[in-house]
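*Asks:* no sequence for this one, just the structure:
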């Protein structure tokens, strides 16, 4: 019977997300493949206090059915914070609380995408968004990334050719997987293009507060006058991913529809988690907590960039982010990062990264990979980059090995 | 732009689930419209203990990213319990933990249903399942309910006419909204028909342990040899709905696919809630807890049946469940339960019920309604039924009022 699955469930049947989990590393392994915040930074005791406080205050009612909208008080705090940190004018009733950013991505795909609908995505882009959208069977158009964000001229050419593009998905701040940030100028031009060509913008911002040099830029949503920007964020990177708590702000019409779709999806998120985060934000300064995270992540970032600068051969390019969790590496044309990982890097260097293929809508680029620095101690970063470059250098000087059958080219313009 | 929503998001745009929440009741209101367990039965203190215990044991790791599968220990406990209480042979790796039963319904719809795929449903059936399936745009076939479960002869006739039916959805135990339980004989015949006509059975069992007279029957899944029965249950009614925790057991192929779809949906459920329920089940006897619920719910059920027997006019029919949360009422042909609720029952009697229309796939039956007894104290049940019948009796004797323009007939065969 199992050939009777729906079409959507047979697409990318290996599972894009499953590809994030690479081969097994031994005890001496150094994992640059994760995308995790540092668990040592978690305010677990204070969250425990918040949990006990709401258990004590609310009792049985905390475990009854609630409504899908969740606590007004939490949404009010989020609305005020978005105004302060992202220049977004919104209100509690224009916010939907979601099961992490991932549920928000899925709900937006469900709301907007008929099979075949045209979606513009960065190439590369966040794999979880592609996994969510894949199920709604869109047609993807790749937009390349420059150092200051997506190539807006290429986007405009693509829009001229495909004027029915309905949605553009972007991670404008410390982009996953590349770490690239979109300039203010491009944010404004993007909204102008959306007005001109009438498409939605999905602005996904899990890393926007993790800026290690200077302040975050105003959100794309802050330039939106027509209600066409859907802004998603999450507590996963700035507080703790296990909370499974994200949020969306968008026009009232869109938020209403997303609310109905969430209700159909899971009725509501667990009241205890929502109440605990609400209480945490009332009794702790979230922005102060975020500020305490930055020095350590900044140190890890600079440690990795310095190590790459020192050790990586000149033919290998990598990005130089100023925030977030990731650095993006591009090997010379033709080298296959997945084969190199499995056959050389894991067995010989006991280091892991995520081969870049999975971050492309069409999975058609093979010479790139993602390095995570946020979850690895500085000394381990140095050791890991040393081991990685020690096996990469001889390999890259033997141009016939590990080349893909048909040469493919990275679509990202990277720094060295 | 808002006319650009996907087709699936414009179906039943009022939202089936929204229709469950009726008009406003005053202070003296008696709510038979809810579907809630009694919050006074919640083991909130013991769950608080379990939460603190796992916070203490696991610390920061509890708030890291986990994997979508969730704790093996909880799935092992569930597998053992299903074997004991439902005759289902399963194992931890054939169980997916979900965000309540609702997420499981949505994931199964997503896995199986292409637009236009044929689905057989009980008429009436659980509104949350219809809301989930609606999004995948199936073609529904109604199967009527007899006192001992769905009309299996009608199902067979429907299958002969529509041999491509892919899925049958049923709530076999103390059905929502009718309270009807499917006989063992019908459970066996249903699996035989599924083998013969090659369709999946989705067995949804949130109420199966809430049997007030005798033991629950073996699950339909217990007769399944071909791996075509997908069994869903939930902690919402037997423990607490605010946990937002349900589970699915099915064939390895199906569970694997559902796991991928859940990952795409929300990555994973909050580890704290999963660990807390795991710990609760280790340190408390869940079946003993359920046993403590039964006397009070049984008393509420008999109180409501006695009150209806005593006060309801003979022209009104109602079911006589032996478990669950609901009694289903059928007015004489032609009366519109929704209009009567809004115009008479709420304003004059300050009582609410759920008009039955929303529980039909085609929303084509208007003379039925659902009464909840589990959430209402016995004295309130008597007061509520008294007030309800006091306004219904004169109304039913005036046959021209509140009749639908075109007479419609209930498709449920009820007792008086």
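*Replies:* Thanks, I have the structure now. Please read these numbers as outputs of a predicted model, since none were measured by experiment.
*Asks:* Strands of chain A, start to end?
*Replies:* Using DSSP state E, the strands found in chain A span residues A:30-31, A:95-98, A:118-123, A:139-146, A:149-150, A:167-170, A:200-204, A:229-234, A:246-249, A:317-318, A:326-330, A:351-352, A:354-355, A:368-372.
*Asks:* for those strands, which one sits closest to chain B?
*Replies:* Smallest distance to chain B across those (Cβ to the nearest Cβ): 6.8 Å, for strand A:200-204. Every C-beta, even on glycine, is put in place using the N, C-alpha and C of the backbone.
*Asks:* That closest one vs strand A:229-234, what angle?
*Replies:* Taking axes from the mean of the first three to the mean of the last three Cα atoms, to 10 degrees, one finds strand A:200-204 and strand A:229-234 inclined to each other by 20 degrees.
*Asks:* can you list contacts of strand A:200-204?
*Replies:* Outside strand A:200-204, the residues that touch it by Cβ atoms under 8 Å, 6 or more residues apart in numbering or on different chains are A:101, A:105, A:108, A:112, A:126, A:129, A:166-172, A:190-191, A:194, A:219-221, A:224, A:228-233, B:1, B:4.
*Asks:* if we can go back for a sec, how about CSV for the strands of chain A, with distance to residue A:393 added?
*Replies:* Listed next are the strands of chain A as CSV, based on distance: least, Cβ to Cβ, whole Å:
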stretch, distance to residue A:393
strand A:30-31, 17
strand A:95-98, 45
strand A:118-123, 28
strand A:139-146, 27
strand A:149-150, 32
strand A:167-170, 35
strand A:200-204, 36
strand A:229-234, 38
strand A:246-249, 41
strand A:317-318, 15
strand A:326-330, 14
strand A:351-352, 14
strand A:354-355, 19
strand A:368-372, 16
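*Asks:* ok, now which ones touch the closest residue to residue A:316 other than its chain neighbours?
*Replies:* What sits nearest to residue A:316 in space, not counting adjacent residues and going by Cβ to Cβ, 6 or more residues apart in numbering or on different chains, is residue A:331, at 5.9 Å. Residues near residue A:331 by Cβ under 8 Å, 6+ apart: A:315-316, A:337, A:340, A:367-369, A:392, A:396.
*Asks:* which one of the strands of chain A lies closest to residue B:208?
*Replies:* Ranking these by proximity to residue B:208 (Cβ to Cβ) places strand A:95-98 first, at 30.6 Å.
*Asks:* which strands and helices sit next to that closest one?
*Replies:* Counting contacts by 3 or more Cβ pairs under 8 Å, 6 or more residues apart in numbering or on different chains; DSSP states H and E, strand A:95-98 is packed against helix A:72-86, helix A:100-112, strand A:246-249, helix A:252-266.
*Asks:* Phi, psi for the most centrally placed residue in chain A please.
*Replies:* Residue closest to the mean C-alpha point of chain A, counted by Cα atoms, centre = their mean, is residue A:176 at 4.5 Å. Dihedral angles of residue A:176 (phi, psi; degrees, to the nearest 10) stand at phi -100, psi 120.
*Asks:* Please convert the strands of chain A to JSON lines, extending it with mean pLDDT and mean neighbour count.
*Replies:* Shown next, in JSON lines, are the strands of chain A (pLDDT from 0 to 100; neighbours: other Cβ atoms under 10 Å in any protein chain shown):
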{"stretch": "strand A:30-31", "mean pLDDT": "94", "mean neighbour count": "19"}
{"stretch": "strand A:95-98", "mean pLDDT": "98", "mean neighbour count": "26"}
{"stretch": "strand A:118-123", "mean pLDDT": "98", "mean neighbour count": "25"}
{"stretch": "strand A:139-146", "mean pLDDT": "98", "mean neighbour count": "20"}
{"stretch": "strand A:149-150", "mean pLDDT": "98", "mean neighbour count": "26"}
{"stretch": "strand A:167-170", "mean pLDDT": "98", "mean neighbour count": "27"}
{"stretch": "strand A:200-204", "mean pLDDT": "98", "mean neighbour count": "26"}
{"stretch": "strand A:229-234", "mean pLDDT": "98", "mean neighbour count": "26"}
{"stretch": "strand A:246-249", "mean pLDDT": "98", "mean neighbour count": "24"}
{"stretch": "strand A:317-318", "mean pLDDT": "98", "mean neighbour count": "20"}
{"stretch": "strand A:326-330", "mean pLDDT": "98", "mean neighbour count": "26"}
{"stretch": "strand A:351-352", "mean pLDDT": "96", "mean neighbour count": "26"}
{"stretch": "strand A:354-355", "mean pLDDT": "96", "mean neighbour count": "26"}
{"stretch": "strand A:368-372", "mean pLDDT": "98", "mean neighbour count": "26"}
